[in-house]
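Just the structure for this:
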Amino acid sequence: MQKKKVIISACILGEYCRYDGETKMLNAVVTAFSDYEIIPFCPEAPLFGTPRERIDVVDVNGENRIITHETNKDVTELLREEIAAFIRANPNADRIVLKSKSPSCGYGTTPVLNEKKEPQKMGNGIAASMFEKHYAPLKIESESDF
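Numbering: from 1, shown residues only. Model (predicted):
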């Protein structure tokens, strides 16, 4: 019998892949999925390294774009390609747990900024939005659910 699969943000699993070089390890998540095949996910680290410049979700003319915090470089397409490659490699999952507030992984918890980098509303990170479409009807959970 094949194990169920869960995609989990790598930082929650203890990987030192956050922009600041840290982790957000949460044992409760790891324990909850001990019987699952755990698939770690972080689209930022492979592209930009660790540590790296922070990124933001910025509303540009009504579209959420991913912009580097200090240098204002638009990295939306790079991230879309990385996330699409992950989805192709992992087309099926039974559960998804993503890091809240992340510009990549946050699901309804990520600050969306205006072009002056002022918070306007809460929304999804780029991966959460792509996962929501591809892995529907799975509910996307965050570490705060555990």
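
Give the helix, strand or coil label for residue 122.
When classified by DSSP: H, G, I helix; E, B strand; the rest coil, residue 122 comes out as strand.

what sits against it?
108, 109, 110, 111, 112 (C-beta atoms under 8 Å, 6 or more residues apart in numbering). Backbone N, C-alpha and C define where each C-beta goes, glycine included.

buried subset of these?
109, 110, 111, 112 (16 or more other C-beta atoms under 10 Å).

could I get the contacts of residue 122 as JSON lines with secondary structure and distance to residue 59?
Shown next, in JSON lines, are the contacts of residue 122 (DSSP: H, G, I helix; E, B strand; the rest coil; distance: C-beta to C-beta, whole Å):
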{"residue": "108", "secondary structure": "coil", "distance to residue 59": "15"}
{"residue": "109", "secondary structure": "coil", "distance to residue 59": "16"}
{"residue": "110", "secondary structure": "strand", "distance to residue 59": "12"}
{"residue": "111", "secondary structure": "strand", "distance to residue 59": "11"}
{"residue": "112", "secondary structure": "strand", "distance to residue 59": "6"}
